[in-house]
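> Give me a 3D structure for the following:
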Amino acid sequence: MSPKKAKRRAGGGEGSSNVFSMFEQSQIQEYKEAFTIIDQNRDGIISKDDLRDVLASMGQLNVKNEELEAMIKEASGPINFTVFLTMFGEKLKGADPEDVIVSAFKVLDPEGTGSIKKEFLEELLTTQCDRFSAEEMKNLFAAFPPDVAGNVDYKNICYVITHGEEKEEE
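Numbering: from 1, shown residues only. Model prediction:
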């Protein structure tokens, strides 16, 4: 067995046996592409140097060593693809519970209709805190199109945020 294979196996065994069942095959492929981009030296493990290099390629040149170490320490060991996928699964499942996110939207929906006006949502998302770009808004409304009255179903958005896929219509 080559050292590379042994190294890959060493870091990612525990607690990850079912990680691939958490995602669609197309999602796994997208994460694999992202992993390959981040793994700059192509050794199958994401290191602090890999993170520094990929961040530099995106224009973040002065990232502190402590920040990189904190990112690496989010994993329990070496970050191979299985660990990387597990971390994404935990982050996806680690989002606020659905009821917390729905409650935040309910503040914007005093009538309790389960939806909010597209224009209102767009104004909030493009003018407050982490502002959405025009492209992000286009993607949001492509994924969650408003109904004929211009309302966006925020309960469906909350479900997708916390579960990663749309509910099946019954």
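> And stretch 111-120, how far out from the chain middle?
With CA atoms, centre = their mean, to the nearest Å as the basis, stretch 111-120 stands 25 Å off its chain's centre.
> Now do the one helix or strand Asn139 maps to, average pLDDT.
Using DSSP states H and E, Asn139 falls within helix 134-143. Per-residue pLDDT over helix 134-143 has a mean of 91.
> quick check, distance from that helix to the centre of its chain.
Distance, centroid of helix 134-143 to centroid of chain: 16 Å (CA atoms, centre = their mean).
> can you pull the buried residues of that helix?
Across helix 134-143, burial judged by 16 or more other CB atoms under 10 Å covers Met137, Leu140. Any C-beta I mention is one placed from the backbone N, CA and C, and that applies to glycine too.
> Need the residues that contact that helix.
Helix 134-143 has contacts (CB atoms under 8 Å, 6 or more residues apart in numbering) with Lys118, Glu122, Leu125, Thr126, Phe132, Val152, Val160.
> Restricted to strands, list those residues.
The members of the contacts of helix 134-143 that map onto strands under DSSP state E are Val152.
> ok, and the most crowded of the contacts of helix 134-143?
Neighbour counts for those (other CB atoms under 10 Å) peak at Val152, which has 22 neighbours.
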